[in-house]
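*Asks:* using only what follows, build the 3D model:
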Amino acid sequence: MDAALAVAANFRSTEFNSGGGHHGRLLCSALVTLALRPALADEDIVLRGMGSFHVGGRVVEVKGKEVCMIVRQPGGPQTKLDPNGQYMVE
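*Replies:* So this is what the prediction gives:
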């Protein structure tokens, strides 16, 4: 990968300084992209620190429950708790 970047950098410096213009920039970008692509694909995807993960379930709607005022932490302000609404379950 380092060799590909060196070739791209060398191409870039000679092509741009000699007035190569837009085509040289496009070719340089393509070379760098192709050189870096395999290195990025070899890395594993890791999922950490999430605890649990679930795909699926269904939507359930709760209706008619009483709205109440609660204190979420001692000494804190009262907040309204409305349990009505739609929830994902299962």
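*Asks:* how far away is R72 from V60?
*Replies:* Relative to V60, R72 is positioned 24 Å away (C-beta to C-beta, to the nearest Å). (Each C-beta comes from the backbone N, C-alpha and C, glycine too.)
*Asks:* got the contact list for the residue nearest to M69 when sequence neighbours are not counted?
*Replies:* In space, and not counting its chain neighbours, M69 is closest to Q78: 4.6 Å by C-beta to C-beta, 6 or more residues apart in numbering. Taking C-beta atoms under 8 Å, 6 or more residues apart in numbering, we find Q78 in contact with 69-71.
*Asks:* ok, Q78 to E90 distance?
*Replies:* Q78 is 33 Å from E90, by C-beta to C-beta.
*Asks:* can you give the domain ranges for the chain?
*Replies:* Taking automatic domain parsing as the criterion, the chain consists of the domains 2-41, 58-89.
*Asks:* which of those has the lowest average pLDDT?
*Replies:* Ranked by mean pLDDT, the domains of the chain bottom out at domain 2-41, with a mean of 63.
*Asks:* strands - which of the contacts of Q78 land there?
*Replies:* Of the positions in those, 69-71 sit in strands, assigned by DSSP state E.
*Asks:* list just the nearest of these to G56.
*Replies:* The closest of the ones in strands among the contacts of Q78 to G56 turns out to be I70 (C-beta to C-beta; 30.8 Å).
*Asks:* against V89, how distant is the nearest residue to the closest one once chain neighbours are set aside?
*Replies:* Closest residue to I70 apart from its sequence neighbours, by C-beta to C-beta, 6+ apart: L81 at 4.8 Å. Remark: distance between L81 and V89 (C-beta to C-beta) = 19 Å.
*Asks:* so for the two, which residue has more residues nearby?
*Replies:* L81 (12 against 7; other C-beta atoms under 10 Å).
*Asks:* so who does the more buried one touch?
*Replies:* For L81, the contact set (C-beta under 8 Å, 6+ apart) comprises 67-70.
*Asks:* of those, closest to V32?
*Replies:* Nearest to V32 among the contacts of L81 is I70, at 56.6 Å by C-beta to C-beta.
*Asks:* mind listing the strands for the protein?
*Replies:* Ranges of strands in the chain, per DSSP E, are 58-62, 68-71, 78-81, 85-89.
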